Each structure stands twice: as structure tokens, then as C-alpha cells.
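Visitor: pasting a predicted model and its sequence here:
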Amino acid sequence: MLTRFLTVCAPAAVLLLASTQPFAAENQGFALKPFAEGFVSPTTLVPLPGSQNLIIADQAGVAYVVSKDGKRAEEPFLDVRQRLTKLNAAFDERGLLGLTLHPKFAENKKFFVVYSAPKRPSAPENWDHTMRLAQFTANADGLSAKPDSEKIILEIDKPFFNHNGGAITFGPDGYLYIATGDGGHRNDEDDKSKPRGRPPEGNAQSLQTLMGKVLRIDIDKGDPYSVPQDNPFVGKNAKPEIWAYGLRNPWRISFDRGGSHELFAADVGQDAFEEVDIIVKGGNYGWNIKEGFHCFNKENPKKPLDDCPDHGANGDKLIDPILEYKNLNSRAPDAQGISITGGYVYRGKALPQWQGKYIFADWSRAWVKAAGVIFAATKGADGKWSWEKITPASHPDGLDLYITALGQDADGELYIMTNNSNALIGNTGKVFKIVPM
């Protein structure tokens with residue numbers, strides 16, 4: 001989730017809605033039911049077609065099939081640990097960051113992952129690693145991958161270890177959407193002591209790089225993929241894979257499985273604000289001109305500027321988030337957390353009072369102490385979003401867990417993925433199912 005959390009990439013956290021205050025917490029009757037455990041830092045949960053099984057991917061590099069009663073298979077579904085760049089034993093934002101199944105997985109057994117590979121030879125000498133999107137094929141029973149079936153689809157060289165994004169999901173249009181971070185370091189600026197070739201406007205605002213973006217590709221055509229011709233920057237002086245841009249570190253994206261199937265992204269802020277965006281074709285979400293609804297101040301990131309451009313260097317008008325909340329790094333008394341964790345619009349049946357709400361979280365209210373927070377956001381009749389902190393009845397005094405991700409099963413029910421450490425060590429990673437209380 002990842003920085004997510006360091007001061008070097010300081011996140012942000014508190015939810016001020018588009019000019020709306022949090023509403024009163026009502027009808028919160030839910031609990032977190034222990035579901036599966038034994039992970040390091042779980043990052044992705046996807047349903048396995050044709051069964052009630054789930055696949056849970058761990059940032060440490062392994063994914064497992066987990067049965068409907070939470071029993072984890074002994075052998076991994078996929079193991080990419082030997083393909084990863086060397087991870088830190090302490091905090092790290094690299095690893096196995098995303099996994100999704102092909103819409104026709106039941107027929108073709110294809111699935112896709114994003115992981116942090118060693119820096120490829122063509123990468124600049126002083127860069128950190130290469131983010132890799134790869135296709136694998138599962139065995140006939142769909143319960144394990146063929147280890148030698150990897151096909152590299154796309155690689156993005158990364159200058160720093162953090163701000164990777166890495167979530168992937170198929171849209172209702174059948175295309176693959178990929179979230180990428182701005183490459184790391186503060187302010188989306190180059191490190192003046194060790195320049196790494198960042199453009200003056202920053203990676204997120206540049207259309208010449210795939211960093212700080214949501215990408216959209218067709219993996220069923222071309223070799224290894226093709227670009228849909230209705231992508232917004234096809235035929236322009238830009239990377240044609242770009243669907244939207246101006247993002248800092250989108251940690252988890254998801255399509256609403258109902259409604260108008262909007263694409264939600266949780267973008268981790270730096271020192272002042274965390275935000276949720278609805279991603280649209282060609283949208284520019286403002287980073288590093290804005291953070292949340294506010295003008296970003298590179299000289300003093302905790303103190304927003306009074307004024308800034310309403311468009312980027314490419315001329316596209318900046319799009320505000322649907323909601324924001326204050327990061328504890330800002331020292332604001334109403335701050336909520338330090339790193340936003342994206343979730344899902346609830347479309348299940350167990351909690352009818354949540355129908356249509358966007359359920360998401362914050363990693364923790366503290367760096368050194370596990371204290372995750374869960375939120376629910378609601379769209380009003382006026383089109384504006386409001387939000388509230390929601391507390392599970394199973395944890396009335398708050399969560400003593402870092403929230404690494406949320407997941408959704410085939411029935412639209414939600415899961416919370418957690419661990420007890422801010423480092424990639426141990427096996428404290430647990431998955432909880434959200435159930436009515």
C-alpha cells in the first residue's frame with residue numbers, strides 16, 4: 001500500500017468531502033469475522049470462478065487459493081519470490097502488488113499479476129527496479145499456475161522503491177486497467193542531489209511516461225498487447241496506453257459492479273490530504289499541482305497555497321476528487337490517518353444499509369502502532385459525497401491492525417486485509433470478512 005507510509009513520500013489522510021462534513025455514524029451494525037491467516041502482507045483478493053474459493057495474493061510474492069471456510073491451500077497458486085527484486089526486511093512498497101483473472105479464466109486459465117522485478121538492463125543506472133505486468137496460465141483445474149507460463153506484457157522502470165500503485169482490474173469493457181504511482185520521492189520532483197531524469201512538470205503530469213497514471217490496454221489483441229483506439233491520447237504526442245493521469249500513488253482501484261460501473265481510485269497523498277477519485281477517460285487528477293481539493297505547496301507541503309492553475313501543462317482541466325480527508329502529518333486536529341486504502345462500492349446482500357456506499361480504509365493512524373480505520377462514503381442527491389468513520393462491533397475500541405487492502409468476493413461481500421507490522425516480516429497477515437452484527 002504502500003506509501004503510502006514513509007515521510008519521504010508522506011501520505012495523507014482525513015476525509016473532507018467535496019465541501020461536505022462527515023455525517024453521523026448510523027446503522028453500522030457490522031463486525032470483522034476472522035477468515036484466513038498466515039500471510040505477510042496480503043494485497044489482493046479475487047474470487048475463483050466456478051467455486052466459492054478465493055485467491056489471496058501476498059506482497060511477499062506468493063498467492064494462495066483459500067476455500068470458502070478460510071482454509072488456505074498448502075501449495076501456492078503462484079510463487080514469484082524468485083522473480084522479485086530484493087525486498088527490504090523492513091518497510092517496503094515493492095513486491096507482488098496486483099493480481100486479476102482474465103474475464104474468460106474459466107475457459108482460458110489466463111491471469112495477470114504486477115510485481116517488482118529487478119531492474120532490467122535498459123533501465124537508467126541509478127534507478128531502483130522495474131515494475132512488471134505479466135500473464136500466467138493456470139493448470140486445468142485452475143488451482144495452481146504453470147510456473148513456466150510467464151509472458152511479460154509490460155515493464156515500467158521505477159526510479160525509487162516507493163509509489164508503485166500496482167493494482168490491476170478488468171473493466172466492464174473487457175480491457176485491462178493498471179494503476180501506477182509517480183515513481184517515488186517527495187513532491188513528484190527530481191532528487192537534486194541524485195537526479196534521475198524526472199521531467200520538470202513531474203511524472204504524474206507528463207504524458208511521456210507511464211508513471212502516475214491509470215493505463216488501459218487490450219490484452220486479447222496484439223503481441224503482447226494492443227492499445228484500444230478510443231484511448232484518449234491515441235495519435236497524440238503522448239503514451240497511448242494512458243487512460244487518466246495526475247495521480248500520486250493510487251493504492252487500489254475498483255469498478256463499481258453495479259450502478260454506472262464507475263472506476264474508483266484511492267490516491268495516497270503526501271503530507272496534508274488523502275483523496276478518492278472517480279476516474280474518467282482523459283482525466284487529469286491534479287498531482288502535483290493539487291493535493292485533494294487544495295493547491296499543493298512544494299515549499300511547505302503541509303500548508304496549501306491560496307491559488308494555483310486549474311489546468312495542467314497539457315491544457316487539460318484538473319478534476320477534483322469526490323472526497324478528501326486530512327493526513328495526520330498535517331497536524332490537523334481532525335486528521336484521520338496516514339495512508340488511504342482503496343475499497344469497493346458495496347453491492348452485496350448481507351448489509352443492505354451499505355448498498356451503493358463506497359467502503360474504504362486508512363492503513364493506520366500511526367506509523368509505529370497498528371491502528372487502521374474504516375470509512376463509508378455516500379453520494380447525496382446533489383451529487384456530492386459525504387463520509388463517515390465506521391467502527392466494527394467486533395472491535396469497539398478501534399482496530400489494532402494495519403489495513404493493507406480490501407477485497408470483494410463473487411457475491412459482492414467485502415473483506416479487510418491486514419497485518420500487525422509495518423515491515424515485510426513475520427506471518428501476522430490476516431484476512432477478515434465483513435459480516436452483519
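Guide: Perfect, I can see it now. Numbers count the residues shown, from 1 in each chain.
Visitor: and the strands in the stretch 151-300 of the chain?
Guide: Assigned by DSSP state E, counting those that start in this stretch, the stretch 151-300 of the chain shows strands spanning 151-158, 165-170, 176-180, 213-217, 242-245, 250-255, 263-267, 273-279, 290-291, 294-295.
Visitor: centre of the chain to the longest one, how far?
Guide: Relative to its chain's centre, strand 151-158 lies at 18 Å (CA atoms, centre = their mean, to the nearest Å).
Visitor: and stretch 178-190, what's buried?
Guide: 178-188, 190 (16 or more other CB atoms under 10 Å). C-beta: built from backbone N, CA, C; applies to glycine.
Visitor: lowest-confidence entry in those residues?
Guide: Looking at the buried residues of stretch 178-190 by pLDDT, the weakest one is D190, with 87.
Visitor: give the contact list for that residue.
Guide: Listed by CB atoms under 8 Å, 6 or more residues apart in numbering, the contact set of D190 reads 196-198.
Visitor: report the buried members of the residues you listed.
Guide: Buried, going by 16+ other CB under 10 Å: 196, 198, out of these.
Visitor: ok, the contacts of D190 vs E413, which is closest?
Guide: Using CB to CB, R198 is the member of those that lies nearest E413, at 41.9 Å.
Visitor: for the closest one, phi and psi?
Guide: The phi and psi values for R198, taken as degrees, to the nearest 10, are phi -70, psi 140.
Visitor: same deal with D230?
Guide: The phi/psi pair for D230 (degrees, to the nearest 10) is phi -90, psi 10.
Visitor: same question, K298
Guide: Per-residue torsions, K298: phi -70, psi -30 (degrees, to the nearest 10).
Visitor: on that earlier part again, quick check, nearest of the buried residues of stretch 178-190 to D307?
Guide: The nearest member of the buried residues of stretch 178-190 to D307, counting by CB to CB, is N187 at 18.0 Å.
Visitor: so what's the nearest residue to the closest one once chain neighbours are set aside scoring on pLDDT?
Guide: Once flanking residues are discounted, N187 sits nearest to K298: 4.8 Å by CB to CB, 6 or more residues apart in numbering. K298 is assigned 96 on the pLDDT scale.
Visitor: kindly report the same for S339.
Guide: pLDDT, S339: 97.
Visitor: burial check on it, number of neighbours?
Guide: Using other CB atoms under 10 Å, S339 has 32 neighbouring residues.
Visitor: got it, and the one 10 residues further on?
Guide: When neighbours are defined as other CB under 10 Å, K349 has 11 of them.
Visitor: and what of Q208?
Guide: When neighbours are defined as other CB under 10 Å, Q208 has 11 of them.
Visitor: and for C308?
Guide: Around C308 there are 14 other residues, counting by other CB under 10 Å.
Visitor: was I right about it contacting W287?
Guide: No - counting by CB atoms under 8 Å, W287 is not a contact partner of C308; they are 11.8 Å apart.
Visitor: need the contact list for S330.
Guide: Counting by CB under 8 Å, 6+ apart, S330 touches 12, 271-273, 302.
Visitor: also A350?
Guide: Contacts here follow CB under 8 Å, 6+ apart; on that basis A350 touches 413, 434-436.
Visitor: let me have the contacts of D190 in CSV, extended by pLDDT and distance to L32.
Guide: Shown next, in CSV, are those (pLDDT from 0 to 100; distance: CB to CB, whole Å):
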residue, pLDDT, distance to L32
R196, 89, 41
G197, 89, 44
R198, 93, 41
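Visitor: between the contacts of S330, which is nearest K109?
Guide: For the contacts of S330, the residue nearest K109 by CB to CB is A12; the value is 40.2 Å.
Visitor: look at the closest one and report its pLDDT.
Guide: pLDDT, A12: 33.
Visitor: try P195
Guide: 87.
Visitor: again, but for L45
Guide: Per the predicted model, pLDDT is 98 at L45.
Visitor: shouldn't it be within a strand?
Guide: Yes - counting by DSSP: H, G, I helix; E, B strand; the rest coil, L45 falls inside a strand.
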